[in-house]
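Novice: Fold the following for me, if possible:
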Amino acid sequence: MTATIGRSTSGLVLGLVGLFAVLGLGFGLVFLKLSPLIILVLLIGAATVAVSAFRPYLGVHVIVALLFFEGVTLPTEGATAMRAFGALLLAGWLAQSFVLRRTRIRLEAQHLFILLFIVWSGLSALRSTSSDEALIRVGTFMLLAITSVMVASVVDTPGRMGRLLAGQLLWTAVAALIALALYYSGTTYVAEGLVKNRNLLALYLNLGLAIAFLLYVVVRGGLAKFLLLITMPLLLLTLGLTLSRTGLIVMMATLVLVGYRLLRQRGILMLTMGGAAICLLAFVLPDTFWSRAGTILPSIERQNDTFGMRVRIWQSGIRMVEDHPIFGVGPANFKLVLARYSRGAMATEQLNAHNAYVVVAAETGLPGLALFLGILATGAISVHRVVRSARAAGREDLALCGIMVETMMFVILCTGITMTVEGMKILWIVFGLGQAVVGMARRELHGAAATAPALAVPSGAETAPV
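Specialist: From the prediction side, this is the model:
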């Protein structure tokens, strides 16, 4: 009875909101003489909020899809159109949660570290050089934290997580096709597609590769296996053509980890085919790829080229920490104060830190870094415990969910050594997936160790030993 009343009440409230919205738009069009384009934008925005309010799981899928198109509109001082849609999706979910007064989320240690990190970032913002930039970054962290809670609240079954990750893989493949089309048409010099950042695209491709390899082990449908088989070479080729040295290094580390997982799952065939695909791609990649790959070790040993520049930036960041060990220079202020701690050409440019851990320490101090590492550690430990508990209970579907989250976290944290990933939406979505896995384990493993249906993926997925 309570659930019925809750649903009817939410439907009534949201229906009234929709009615007043339509009346308001009509009033604006007729009496305020608003442009039809503005009315169209408002309608799209209202529809976005409604989708997220009535179908929040679909809203999460849209948020994941938008990751691959955020570079379509060039970033300005304000938000891009894609980010605005993301904010509207969050607003719709918050409206639904407020009306129903539930989020299906239970506070964990990771939530506490996230809250403390945001509070500490706010304190650091008050002591920053540019408080406006700092407060905007703190607001971004708050939105990202809400995003993670939304993901954890909505993705509440192994089947939903499987479909969400399959959807992410699909959009990764679409982004790869677009990047290849732009590259071979001569529109771009490297494969970057609509993401407009080859290193970021390389991160998405590495995540897609990890998902594809692990999904292949559990699917049993012939069509699903075929699609995964043709997706992997596509992602590998695109990754090579990004010419991202960070992406190549992380790819090798990811393949080693995934290879270990496949060996444990008796995925010898998949591991062999993956190796064969890499060998075949060696004949397709252009000479520029091999020239770029050949500079990885020399640039690390001699600290020259862009790697040498990054090392110098890291050293400048360490000097910031030495001068401001408690509160840092303020969120989003690294670029603004870099000139004070640099020499030569670096002193005249506002450069990115290219290291998530250095920038967090420099901007929020050592306490901020400790809290950020606490977010990572508590999330990883909780998910690993779920994997062990799920295996003991015979729930291979839950164990696979945990393994996927662990692998994605590994990819992002490795990338964070040479990229500033702390403010990336994909990192906080993975935080949410980790919290979702913990919530599933609490609901489904509490007091029993029964085996449940396999992780739902396209074309008849079944469970394989993990």
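Novice: right, and residue 205 touches residue 171 too?
Specialist: No. Look at residue 205 against residue 171 with C-beta atoms under 8 Å: they stay out of range, at 11.5 Å. Where C-beta positions appear, they are placed from N, C-alpha and C, glycine not excepted.
Novice: Looking at those two, which one has more neighbours?
Specialist: Counted by other C-beta atoms under 10 Å, residue 205 and residue 171 do not tie: residue 205 has more neighbours, with 30 against 18.
Novice: does the more buried one count as helix, strand or coil?
Specialist: When classified by DSSP: H, G, I helix; E, B strand; the rest coil, residue 205 comes out as helix.
Novice: begin at 740 from here
Specialist: Fine by me, first position is 740 from now on; the one you just mentioned is residue 944.
Novice: CA atoms only for stretch 911-930, dumped as CSV, please.
Specialist: Listed next in CSV are the C-alpha coordinates belonging to stretch 911-930 (Å, rounded to 0.1, in the frame of the first residue of the first chain):
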residue,chain,number,x,y,z
THR,A,911,33.1,3.1,-26.9
ALA,A,912,32.9,1.2,-30.2
VAL,A,913,30.8,4.1,-31.8
ALA,A,914,33.4,6.6,-30.5
ALA,A,915,36.2,4.4,-32.0
LEU,A,916,34.4,4.3,-35.4
ILE,A,917,34.0,8.0,-35.5
ALA,A,918,37.6,8.6,-34.5
LEU,A,919,38.8,6.2,-37.3
ALA,A,920,36.6,7.9,-39.9
LEU,A,921,38.0,11.4,-39.0
TYR,A,922,41.5,10.1,-38.9
TYR,A,923,41.5,8.3,-42.3
SER,A,924,39.6,11.1,-43.9
GLY,A,925,42.5,13.4,-42.8
THR,A,926,40.3,15.6,-40.6
THR,A,927,42.4,14.8,-37.5
TYR,A,928,46.1,13.9,-37.3
VAL,A,929,45.5,11.4,-34.6
ALA,A,930,42.5,9.3,-33.6
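Novice: Packing partners of whichever strand or helix holds residue 1142?
Specialist: Assigned by DSSP states H and E, residue 1142 belongs to helix 1135-1154. For helix 1135-1154, the elements it packs on are helix 897-923, helix 937-957, helix 984-1003, helix 1095-1131, helix 1164-1184, judged by 3 or more C-beta pairs under 8 Å, 6 or more residues apart in numbering; DSSP states H and E.
Novice: among those, which is nearest residue 802?
Specialist: For the helices and strands packed on helix 1135-1154, the distance to residue 802 is smallest for helix 1164-1184, at 7.3 Å, taking C-beta to C-beta.
Novice: What mean pLDDT does that closest one get?
Specialist: On average, the pLDDT along helix 1164-1184 is 92.
Novice: Mind listing what's buried along it?
Specialist: 1164-1180, 1183-1184 (16 or more other C-beta atoms under 10 Å).
Novice: measure the closest residue to residue 907 other than its chain neighbours to residue 1129 for me?
Specialist: Leaving aside its chain neighbours, residue 907 sits nearest to residue 803 (5.2 Å; criterion: C-beta to C-beta, 6 or more residues apart in numbering). Relative to residue 1129, residue 803 is positioned 24 Å away (C-beta to C-beta, to the nearest Å).
Novice: Residue 878 now?
Specialist: Going from residue 878 to residue 1129 by C-beta to C-beta gives 37 Å.
Novice: For those two, indicate the residue with more neighbours.
Specialist: Shown here are residue 878 and residue 1129; by other C-beta under 10 Å, residue 1129 has more neighbours (27 against 15).
Novice: So that one is in contact with residue 1137, correct?
Specialist: Yes. In this structure, residue 1129 is within contact of residue 1137 by C-beta under 8 Å, at 3.7 Å.
Novice: Spit out the residues that contact these two alike.
Specialist: Residues touching both residue 1129 and residue 1137 by C-beta atoms under 8 Å, 6 or more residues apart in numbering: 1180, 1184.
Novice: If I look at residue 1055, what pLDDT would I see?
Specialist: 88.
Novice: ignore the last one, residue 983
Specialist: pLDDT for residue 983: 85.
Novice: can you pull the contacts of it?
Specialist: By C-beta under 8 Å, 6+ apart, residue 983 lies in contact with 937-938, 940-941.
Novice: Angles on the backbone of it, please.
Specialist: Residue 983 adopts backbone torsions of phi -90, psi 110, taken as degrees, to the nearest 10.
Novice: what's the spacing between it and residue 1112?
Specialist: Look at residue 983 and residue 1112: by C-beta to C-beta, they are 25 Å apart.
Novice: repeat for residue 1066
Specialist: On the measure of C-beta to C-beta, residue 1066 and residue 1112 end up 17 Å apart.
Novice: So between these two, which is more surrounded?
Specialist: The neighbour comparison of residue 1066 against residue 1112 (other C-beta under 10 Å) goes to residue 1066, with 20 against 15.
Novice: For that one, what are phi and psi?
Specialist: Main-chain torsions, residue 1066, degrees, to the nearest 10: phi -100, psi -10.
Novice: And for the one 4 residues further on?
Specialist: Backbone dihedrals for residue 1070, given as degrees, to the nearest 10, come out at phi -60, psi 140.
Novice: Find the nearest non-adjacent residue to it, please.
Specialist: In space, and not counting its chain neighbours, residue 1070 is closest to residue 876: 3.8 Å by C-beta to C-beta, 6+ apart.
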